[in-house]
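>>> Here is my input, please return the structure:
(chains A and B)
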2 protein chains.
Amino acid sequence: MIIAEAAKSARKIELSPVERLHALVEADMTATDVLIHERMGSSVALIPDLTRHLIDSGGKRLRPLLTLAAAAACGHANGLHIKLAAAVEFIHTATLLHDDVVDASSLRRGKLAANIVWGNKPSILVGDFLLSRAFQLMVEAGNMRVLHILASASAVIAEGEVLQLRSANNLATTEEDYLTVVGAKTAALFAAAAEAGATIAHADATSISAFSSYGQNLGIAFQLVDDSLDYSGRQAQMGKSVGDDFREAKVTLPVILAYKRADDNARRFWQRTIHLGQQRDGDLQRAIAYVEHSGAIGDADDQAHRYARQACHALQPIPAGELKDALEAVAEFCVDRGY
Amino acid sequence: MIIAEAAKSARKIELSPVERLHALVEADMTATDVLIHERMGSSVALIPDLTRHLIDSGGKRLRPLLTLAAAAACGHANGLHIKLAAAVEFIHTATLLHDDVVDASSLRRGKLAANIVWGNKPSILVGDFLLSRAFQLMVEAGNMRVLHILASASAVIAEGEVLQLRSANNLATTEEDYLTVVGAKTAALFAAAAEAGATIAHADATSISAFSSYGQNLGIAFQLVDDSLDYSGRQAQMGKSVGDDFREAKVTLPVILAYKRADDNARRFWQRTIHLGQQRDGDLQRAIAYVEHSGAIGDADDQAHRYARQACHALQPIPAGELKDALEAVAEFCVDRGY
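Alright, predicted model coming up:
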């Protein structure tokens, strides 16, 4: 018995916090995956073909994981949390499809992006299908409060995406503008995913609010790190194109901070490459050097750590236990990940 | 009094059936328009700007009109039918925005299409916003059956749009394929709009099913006429680009029928212009001539009239009255419209 416990604990050490959280809700996640594959089906074969390309490409299922973990931490949900977890992943997949069209991305999760393989038209329309399918699943869960949470999040995400367009090529974008976009386009779904899980498990108002706040802060931390990695030179390991944000002249936090601290040379560089969008060979390497030299990565990481700590802090009202431990570890892990 | 009645009746004669139906639910339609303008608002100014361009461009509001008329014919709905009517118009507007990106359209309702004025990116993302806003409004109406009806319709519409992609450049498209696409991409929303109106007014199952069938048949008739008009030479009067479907090499019923009846010359023409998509000056005029010569327009109109009659027939269980009369007249009018 003691040996078995020790072995279990040793195995635990080998798992990443996200894997540990997966393991804690393994049966639910398997059921979610089955439901996802079932409900992405359609008599129109292009729909499951294109969806499968993205759904089976090794995404971490972080958002549905939050739904399942919150539901598990708050009690039982009669299986309805499975429907919500699948809905959350469909909303996320729909936004990825539309993002990749909007950004003209060529890679997603280390594979050719769907817009490259099938073209923009199917990506737009299959995205619409998945968003609608998400709503069908939410309706099946039959809970008006949950419907309200997820429908609102979906609108906020779209607002964030539109707002983000304004920061392209725009060196006047402030840190505050940036955080507004991130809070909407990324964190709103993290927050809603966790809040919906707690709500469908009939948690009390304090717990629901705790999970919502955890998700919101985790989402911001997650995006801060994602945006830093685009300038950290380690991006290639993520299976994403390197320097995507730079090439699209998106003004993310590393650029905002680097531009603020730039000397005349660097200012002219950012104005040419971001404001005018005139980029040539070697510019990405120069951008990375300017960002690193400015200390922007370190500052962005500090901010990410602060949001991660706030995420953990938000969980205070949740009773101690393996799930809470794992959720806290996920928040810390997300800001330390090198991928 | 008699004079007033006579004046009223004279005015009635001047109104088109759609205008007559509008007049019968005028207060509700005004409330719907107010709600539409209120809920297309966002702190992200581009969202109302782009939406207003389309919403205020003189669309007939046919789909929300069906929701309001069905609700009015079936009793009271405590104002919730207003929310549903606005939701239906938002779903429709979202599909128009995405359609125009997918089809690279240049005109919509006689104005430059939003994708031309603002570009594809805002059109895609504002479409997502409006679809999400539609779901929020539906959730506010608080009726699970209605949510089920409209969420399902939204998924079916997207499936129809994806299916339609397969018929582009594809002369093997059959009449059956075509009707499947039309039933999904157009008629599903007409059906759901009417069904939702009856459902929110607590109509009995027979009436709900009558309105659903009315909407489905009306929607097919409507699209059949729309697709005929693209080859009828009268399209310019609609404020739409002339020959859109032809230029996009879409295989609609006029082409299916004309190709089936084509001689060798005409077959080679269709194979070059539609299958290979090689079009040159004068081809649209030739296409219109081939379509007219084949009798395809007359046959498509016959089919449209059959669906319009089925729409009227579906209303049999609905008690006689001004609303029913107007709905029947709308079905007949839609297939006779010269615009």
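>>> what's near enough to touch the residue nearest to the spatial centre of chain A?
The centroid of chain A falls nearest to residue A:186 when counting by Cα atoms, centre = their mean (5.6 Å). Residues near residue A:186 by Cβ atoms under 8 Å, 6 or more residues apart in numbering or on different chains: A:160, A:219, A:220, A:222, A:223. (Each C-beta comes from the backbone N, C-alpha and C, glycine too.)
>>> hmm, try it at 6 Å
Residue A:186 sits next to A:219, A:223 when contact means Cβ atoms under 6 Å, 6 or more residues apart in numbering or on different chains.
>>> Residue A:283 too?
residue A:273.
>>> Got the confidence number for it?
We note a pLDDT of 95 for residue A:283 in this prediction.
>>> now it: how far from chain B?
23 Å (Cβ to the nearest Cβ, to the nearest Å).
>>> Residues of the stretch 101-250 of chain A that sit close to chain B?
Counting by Cβ under 6 Å from any Cβ of the partner chain, the residues of the stretch 101-250 of chain A close to chain B are A:102, A:121, A:124-125, A:128-129, A:132-133, A:135-136, A:139, A:147-148, A:151, A:154-155, A:158-159, A:161-163, A:165.
>>> Of these, which belong to strands?
Among these, no member falls in strands (criterion: DSSP state E).
>>> From those, which land in helices?
A:102, A:121, A:124-125, A:128-129, A:132-133, A:135-136, A:139, A:147-148, A:151, A:154-155, A:158-159, A:161-163, A:165 (DSSP state H).
>>> ranges for the helices of the stretch 201-339 of chain A?
Along the stretch 201-339 of chain A, counting by DSSP state H, counting those that start in this stretch, helices occupy A:205-229, A:244-247, A:253-260, A:264-270, A:283-294, A:296-314, A:322-336.
>>> Next up, phi/psi of the residue in the stretch 201-339 of chain A that chain B sits nearest to, please.
Taking Cβ to the nearest Cβ as the measure, the point where the stretch 201-339 of chain A comes nearest chain B is residue A:248, at 10.7 Å. Per-residue torsions, residue A:248: phi -80, psi 0 (degrees, to the nearest 10).
>>> Residue A:57 contacts residue A:109, correct?
Yes - with contact defined as Cβ atoms under 6 Å, residue A:57 and residue A:109 form a contacting pair (4.3 Å).
>>> in stretch A:313-326, what counts as buried?
A:314, A:315, A:318, A:323, A:324, A:326 (16 or more other Cβ atoms under 10 Å in any protein chain shown).
>>> which residues touch it?
Counting by Cβ under 6 Å, 6+ apart, A:20, A:21, A:24, A:69, A:72, A:73, A:206, A:210, A:213, A:214 sit against stretch A:313-326.
>>> So which of those residues wins on neighbours?
residue A:214 (31 neighbours; other Cβ atoms under 10 Å in any protein chain shown).
>>> Once you drop chain neighbours, what's closest to it?
Spatially, and ignoring its direct neighbours in sequence, residue A:214 is nearest to residue A:314 (4.5 Å; Cβ to Cβ, 6 or more residues apart in numbering or on different chains).
>>> And the pLDDT at that neighbour?
In this prediction residue A:314 is given a pLDDT of 98.
>>> Check residue A:146 too.
In this model, residue A:146 carries a pLDDT of 98.
>>> Count the neighbours of it for me.
27.
>>> so who does it touch?
Neighbours of residue A:146 in contact, by Cβ under 6 Å, 6+ apart: A:196, A:199, A:200.
>>> Hmm, the first one is touching residue A:82, no?
By that I understand residue A:196. No - applying Cβ under 6 Å, one finds residue A:196 not in contact with residue A:82, separated by 11.9 Å.
>>> Roughly how far does the closest residue to residue A:299 other than its chain neighbours sit from residue A:309?
Closest residue to residue A:299 apart from its sequence neighbours, by Cβ to Cβ, 6+ apart: residue A:257 at 5.7 Å. Separation of residue A:257 from residue A:309 (Cβ to Cβ, to the nearest Å): 20 Å.
>>> Which of those two has more residues huddled nearby?
residue A:257 (21 against 16).
>>> Pop out the phi and psi values for residue A:107.
phi -130, psi 150.
>>> What of residue A:32?
Torsion angles, degrees, to the nearest 10, at residue A:32: phi -60, psi -40.
>>> Leaving out chain neighbours, which residue sits closest to it?
Closest to residue A:32 by Cβ to Cβ, 6+ apart is residue A:85, at 4.4 Å.
>>> and the one you found, how many neighbours?
So residue A:85, with other Cβ under 10 Å, has 33 neighbours.
>>> need the contact list for residue A:202.
Residue A:202 neighbours (Cβ under 6 Å, 6+ apart): none.
>>> Okay, it and residue A:146: tell me how far apart.
From residue A:202 to residue A:146 the distance is 11 Å (Cβ to Cβ).
>>> mind checking pLDDT for the residue of the stretch 201-339 of chain A closest to chain B?
91.
>>> do the same with the one 10 residues further on
What the model reports for residue A:258 is a pLDDT of 97.
>>> With residue A:116 instead?
83.
>>> excluding its backbone neighbours, what's nearest it?
Using Cβ to Cβ, 6+ apart, the nearest residue to residue A:116 is residue A:106, at 5.5 Å.
>>> Residue A:180 too?
Using Cβ to Cβ, 6+ apart, the closest residue to residue A:180 is residue A:163 (6.6 Å).
>>> before we move on, back to that, ok, residue A:57 and residue A:109, which is more surrounded?
residue A:109 (16 against 13).
>>> can you give me phi and psi for that one?
Dihedral angles (degrees, to the nearest 10) for residue A:109: phi 50, psi 40.
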